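Trainee: Based on what follows, work out the 3D shape:
(one chain, ligands or ions: 1)
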Amino acid sequence: MATINKNYDKLQGTYLFSEIAKRTKDFIEKNPRVKIMRLGIGDTTEPLTPTAIGGLEAGIQKLGNIKTYTGYGDTQGNIALRAALVDFYKKRNISLDVQEIFISDGAKSDSANIQSIFGIDNIVAITDPVYTVYLDSNVIAGRTGEFVNGKYKGIVYMECNETNGFTPVPPKVKTDIIYLCNPNNPTGSVMTRDQLKAFVDYALKNKAVIIFDTAYAEYISDKSLPKSIYEIEGAKKCAIEINSFSKWAGFTGVRLGFTVVPIDLVVEDTQVGKINSLWQRRQSTMFNGASNIAQHGALAVLSLRGQKESRKLIDYYMNNASLIKKSLSKLGFKIFGGEHAPYIWLKIPGKLSSWEFFDKLLTEAHVVATPGSGFGLQGEGYVRFSAFGDKTMTLKAMKSIENNLKL
Ligand SMILES: Cc1ncc(COP(=O)(O)O)c(C=O)c1O
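Mentor: Presented below is the predicted three-dimensional model:
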């Protein structure tokens, strides 16, 4: 008799964004003439840059010619793309080898799958609030107990709240796998070099591994802030870095990401290179490589012109972020983030819960935001505004909040 993976039953409720979609749909059905302004989901909206389009088109053209056609590629990724990423890191004084870079179809799958190369008995630390993929993938794998009072047994939660500026500090207890998202989704916070160093020191001391998701790295505008964990000394011995072309090059639909697994990374008493070879084995067994067209596009994004154009995309979204911040602050809301990340974290005044405030925003101002409680216990009492969206729509949404939200 076949049985199911009962860990799935431990997962909480519906996926956050399905619930948002359902409530929004219900509202539209009852109010068909109302125009909804969506500042909820972190999905890009602006068209791809000319250079990215050129790269993707060149990739397609190659497939139409017998001399340049390619089928399956190197599972680890196109070597030219990996070499371009080595150069990309070199500009930050980080030296990597092409063998340490794994091209993928995005940061979500890598951040969910990476746990599979580690033992089931590892103690996992996550931030609260959290990008839920890190948590749910470990729940499904069986690394947690039941969900009690808003928390999974067996997980160590690093609380991020107003007191610590929504920035985690290393756990007081010993843990083995630590997930960090920097710049942070959902709070929009960003870590300083010293704050990140504290985690690297902790990981080295405890022989733990840090899974560092830096999908929003290019949104960091202050040069003194680290964009990669490998800017911190010793990080190659204890950290895996996951990144994506989604948020800085608009590849959310194209799909392309990459993960760095340093040769020097060791856990327990594994030999140098072992973790890198485990991820290589996992990927070659369960993945057949990223789309060759998408990889061609990414190579173009990494060109000087491509990077310059992507900068404009980021500036566009960050201009939205400052419009949102300005408008919400003017109304007296306490807000965080939005400086080095395209997310604004709003503290709900009074006693309304995140979902109550979500409903209020939707029904009174026709604006969709994301309830903070969907990201963890510490997110209760907050909502997340996303700066991804059209500028005109963002301005309209802010006007509507100013004019219609009953405060
Ligand atoms: C922190 C973080 N990591 C990863 C992803 C997913 O990235 P990708 O589109 O590359 O799968 C997201 C998407 O919202 C994210 O916020």
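Trainee: Could you give me the buried positions within stretch 334-344?
Mentor: Ile335, Phe336, Gly337, Gly338, Glu339, His340, Ala341, Pro342, Tyr343, Ile344 (16 or more other Cβ atoms under 10 Å). The way it works is simple: take the backbone N, C-alpha and C, and place the C-beta from them, glycine included.
Trainee: Kindly check the end-to-end length of it for me.
Mentor: Taking Cα to Cα, to the nearest Å, the first and last residues of stretch 334-344 lie 10 Å apart.
Trainee: any idea how far that stretch is from the chain center?
Mentor: 15 Å (Cα atoms, centre = their mean, to the nearest Å).
Trainee: That stretch near the ligand anywhere?
Mentor: No: Stretch 334-344 stays clear of the ligand (Cβ under 6 Å from any ligand atom), getting no nearer than 8.6 Å.
Trainee: Identify all contacting residues around that stretch.
Mentor: 42, 162, 165-166, 183-190, 216, 219-222, 225, 247, 317-318, 320-322, 324-325, 328-329, 345-347, 349, 384-388 (Cβ atoms under 8 Å, 6 or more residues apart in numbering).
Trainee: Among these, name the buried ones.
Mentor: Applying 16+ other Cβ under 10 Å to the contacts of stretch 334-344, the neighbour count classes 42, 166, 183-190, 216, 219-220, 225, 247, 317-318, 320-321, 324-325, 328, 345-346, 384-388 as buried.
Trainee: Mind checking which of those residues land in helices?
Mentor: Lys247, Tyr317, Met318, Asn320, Ala321, Ile324, Lys325, Leu328 (DSSP state H).
Trainee: Out of those, flag the one nearest to the ligand.
Mentor: Nearest to the ligand among those is Lys247, at 6.9 Å by Cβ to the nearest ligand atom.
Trainee: Quick check, pLDDT for the closest one.
Mentor: At Lys247, the predicted lDDT confidence score is 96.
Trainee: Can you tell me how far it is from Gly273?
Mentor: Lys247 is 31 Å from Gly273, where distance means Cβ to Cβ, to the nearest Å.
Trainee: same check, this time on Glu218
Mentor: Distance, Glu218 to Gly273, by Cβ to Cβ: 30 Å.
Trainee: And Ser329, by the same measure?
Mentor: Relative to Gly273, and taking Cβ to Cβ, Ser329 is found at 50 Å.
Trainee: go on, Gln378?
Mentor: 38 Å.
Trainee: Show me the beta-bridge partners of Ile126.
Mentor: Tyr157 (DSSP bridges).
Trainee: and it, how many residues sit next to it?
Mentor: By the measure other Cβ atoms under 10 Å, the count of residues near Ile126 is 25.
Trainee: Okay, it and Met286: tell me how far apart.
Mentor: From Ile126 over to Met286 (counting by Cβ to Cβ), the distance is 23 Å.
Trainee: Equivalent analysis for Asn182, please.
Mentor: Computed with Cβ to Cβ, the distance linking Asn182 and Met286 is 27 Å.
Trainee: ok, these two, which is more surrounded?
Mentor: Each of Asn182 and Met286 has its neighbours counted (other Cβ under 10 Å); Asn182 has more, 28 against 11.
Trainee: which ones are touching the closest residue to the more buried one other than its chain neighbours?
Mentor: Of all residues not flanking Asn182 in the chain, Met191 sits nearest, at 5.0 Å (Cβ to Cβ, 6 or more residues apart in numbering). Listed by Cβ under 8 Å, 6+ apart, the contact set of Met191 reads Thr167, Leu180, Asn182, Leu225, Pro226.
Trainee: quick one, phi/psi of Met191?
Mentor: phi -90, psi 150 (degrees, to the nearest 10).
Trainee: Do you have the helices of the stretch 151-300 of the chain handy? List them.
Mentor: Ranges of helices within the stretch 151-300 of the chain are 193-206, 246-249, 274-286, 292-301, based on DSSP state H, counting those that start in this stretch.
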